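J.: quick one, fold the following:
(2 chains)
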Amino acid sequence: MGASLSLDVQRAAGDRRRGRARLLAGAAGLFAVSFFLSAGYGAVTITPGQILSILAAQAGISLPWSYTSAEETVFLAIRLPRVCLGALAGGVLAACGASLQGLFRNPLADPALIGVSSGAALAAVACIVLGSGGILAHVGAEYRLPVAAFIGGLAAVWLVNRMATQNGHTDIATMLLAGVAINAICGAGIGAFVFASDDQQLRQLNFWMLGSLGGVTWGKLLPVAVLALPAILLLPAFARFLDAMLLGESETLYLGFEVERTKKIIIALAAVAAGASVSATGIIGFIGLVVPHVIRLLAGPGHRALLPASIMAGAALMLTADIFARTLVLPAELPIGILTACVGGPFFIWLLVRRVGGGGWS
Amino acid sequence: MIEASDIVVRAGSAVLLDRVSFEARSGRVTAVLGPNGAGKSTLLKVLAGSLAPAAGSVSLGGRPLSQWTRRETAKRRAILSQRTDLTFPFSVIDVVLLGRSPYAGETGRAKDTEIAFRCMEMAGVPHLAARTYTTLSGGEQQRVQLARVLAQLHRPDGVGQAALLLDEPTSSLDIAHQHGMLALARSLAGDGLTVVAVLHDLNLAAMFADEVYLMKSARVAAYGPPQEAIAPETIEDVFGVRVRIVPHPDRPGGYVLPIH
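T.: Numbering: from 1, shown residues only, chains lettered A, B, ... in the order given. I've put the predicted structure just below:
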């Protein structure tokens, strides 16, 4: 082993570190820009300086940028909870998408694959059309829909997981197929409820199925944050495991990882977080699928950069889409799922074409 | 180094291994031969700890496999599978670095990269370091995987405490690389590594192995040094093929020739 090779090695390692740092800095910058834009743009414009001032004032620090009390109220009571929910939901969907694509060794995986979205949707639709009875009657009116959706989402994941697990071993391929089956069954259920619904219910339903960040308050945000933050904070810690999983499950086992236990933890984290996110926003497609792929194209498939960068980019995409959702058709609001699908659909087609063209995944 | 005694493995009503005992010693190359479906790969999985036998016990370095943590096991034995596909396009150096996973938090990133390059040199693939794994040929991929498992067994105390299990490692290699890989295994065994190789080519086994196990129908049909175990009667019994063993023109030992 010559000195020159050793130098090459060090230089290559340095390049990779710098590349990763640049990517993370870029994603963080994108997130910051989308945060200030999303929090500042609207009927009442709030400048980044004013945003900083208002935030600093909450901590008792005074900054030079002045603001009116109306601006403060709009920011703290309306914009900030909405921005927080958007960032949280976008980050969670992207983190879950990246992790599940790695875990399932499947580039088309996203949180919907394990049944969480369709289970949540079925429960939400049932709640809208049938009204709330049973346990839900004890829940405050504005929480009924999210609670039903959350329970529905987790129930679907539990079923999918149950079908794929035998003797403590969760078979990933079976889980994929079970997810497809559960999604189909939930889809049939949703269709039946849509058929039975009246115009008013249909409208509410349609809105939920396409997603929205509207109407969020700090009170509604808190439970989502508590359930979703663990995924954002903990999933990146499984980067090494997910890297090894790219070689396959038995190779991961041979490399000394506790495969079964780690699989269960990742699925549980993703199910709870995606369930909480979907229950608060409705179904917002494509972020979980598309964002991780964009990051992979820029930085390669290593999860050490992929996970944190996906979280920040997912949050940024969601916030940017939300700016358009609430300003394009004023005074009404466009469902945000339409916008993410507008970006995601064509991009997805491009990915597929590229794969057929031979530049693909395998 | 690796010892298995009275291993029984069943799948439904089929018996995959029927009271198989096996030993691979440090510094030796032990080959496992036999027809398709004889239980060779199953035996390798049991030795690797990824398949729990219905009966019998496996020990690694004198301690039952069940008493090792997964991570400690991974530092002592590595498996080169027949074929390893990647879902997403990792670069070759990243694939080799995965071999350092069991040492996370112990050796630094710079040290790991240095070890990875040294192992790529041993496997003859340092020039591929920056290439994308998924664009390599099957044989190149196999040699990159060899570098990865070598990186996994790179221990500060040498390879004397480690075992390398090869599952038909030569199936995707040309003749030069077949010999290259087994010669490397042979020379690492010279440093004390325990090598177990499932092979199909009797002559490769005769050339590189110190010990061979011939398996037939879930049992060990014969074992011993190749010049004893690879005998015409045994081969006919195990494979159902009549062979003659002719003297090798250039080296001691024989050469197996099938006859019709």
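J.: identify the residues contacting the one helix or strand A:Ala225 maps to?
T.: Assessed by DSSP states H and E, A:Ala225 sits inside helix A:218-234. Helix A:218-234 is touched from outside by A:81, A:84-85, A:88-89, A:91-92, A:95-96, A:142-143, A:146, A:150, A:269-270, A:272-277, A:279-280, A:311, with contacts defined as Cβ atoms under 8 Å, 6 or more residues apart in numbering or on different chains. Backbone N, C-alpha and C define where each C-beta goes, glycine included.
J.: cool, and stretch B:227-234?
T.: Stretch B:227-234 is contacted from outside by B:33, B:202, B:205-206, B:212-214, B:221-223, B:242-245, B:253-254, B:256, using Cβ under 8 Å, 6+ apart.
J.: try it again at 6 Å.
T.: Stretch B:227-234 is contacted from outside by B:Leu202, B:Ala206, B:Val212, B:Leu214, B:Ala222, B:Tyr223, B:Val243, B:Ile245, B:Gly253, using Cβ atoms under 6 Å, 6 or more residues apart in numbering or on different chains.
J.: can you flag the buried ones in those?
T.: B:Leu202, B:Ala206, B:Val212, B:Leu214, B:Ala222, B:Tyr223, B:Val243, B:Ile245 (16 or more other Cβ atoms under 10 Å in any protein chain shown).
J.: filter the contacts of helix A:218-234 down to the ones in helices?
T.: The helices, defined by DSSP state H, take in A:81, A:84-85, A:88-89, A:91-92, A:95-96, A:142-143, A:146, A:150, A:269-270, A:272-277, A:279-280, A:311 from those.
J.: among those, the buried ones, what's the ChimeraX command?
T.: Buried subset of the ones in helices among the contacts of helix A:218-234, written as a ChimeraX selection, criterion 16+ other Cβ under 10 Å:
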select /A:81,84,85,88,89,91,92,95,96,146,150,269,270,272,273,274,275,276,277,279,280,311
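J.: just the ones in helices among the contacts of helix A:218-234 that are near chain B?
T.: By Cβ under 6 Å from any Cβ of the partner chain, no member of these lies near chain B.
J.: pLDDT score for the residue in chain B that chain A sits nearest to?
T.: Of all residues in chain B, B:Ala74 sits closest to chain A, at 2.8 Å by Cβ to the nearest Cβ. We have a pLDDT of 95 for B:Ala74.
J.: ok, for it, nearest residue in space, not its chain neighbours?
T.: A:Gly256 (2.8 Å; Cβ to Cβ, 6 or more residues apart in numbering or on different chains).
J.: got any ranges where chain B has weak pLDDT?
T.: Judged against pLDDT under 70, chain B has no low-scoring part.
J.: please, where are all the helices along it?
T.: Applying DSSP H to chain B gives helices spanning B:40-48, B:70-76, B:92-98, B:109-122, B:138-152, B:175-190, B:202-208, B:226-229, B:232-239.
J.: got JSON lines for these, with distance to A:Cys186 too?
T.: Listed next are the helices of chain B as JSON lines, based on distance: least, Cβ to Cβ, whole Å:
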{"stretch": "helix B:40-48", "distance to A:Cys186": "38"}
{"stretch": "helix B:70-76", "distance to A:Cys186": "37"}
{"stretch": "helix B:92-98", "distance to A:Cys186": "37"}
{"stretch": "helix B:109-122", "distance to A:Cys186": "45"}
{"stretch": "helix B:138-152", "distance to A:Cys186": "40"}
{"stretch": "helix B:175-190", "distance to A:Cys186": "51"}
{"stretch": "helix B:202-208", "distance to A:Cys186": "55"}
{"stretch": "helix B:226-229", "distance to A:Cys186": "59"}
{"stretch": "helix B:232-239", "distance to A:Cys186": "54"}
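J.: near chain B, which residues of the stretch 151-300 of chain A? Just list them.
T.: Counting by Cβ under 6 Å from any Cβ, the residues of the stretch 151-300 of chain A near chain B are A:Arg240, A:Ala244, A:Leu246, A:Leu247, A:Ser250, A:Leu253, A:Tyr254, A:Leu255, A:Gly256, A:Glu258.
J.: in the stretch 151-300 of chain A, what residue is nearest chain B?
T.: Closest point on the stretch 151-300 of chain A to chain B, by Cβ to the nearest Cβ, is A:Gly256, at 2.8 Å.
J.: in terms of pLDDT, where does that residue sit?
T.: 94.
J.: next up, the contacts around it.
T.: A:Gly256 touches B:Arg70, B:Arg71, B:Ala74, B:Pro102, counting by Cβ under 6 Å, 6+ apart.
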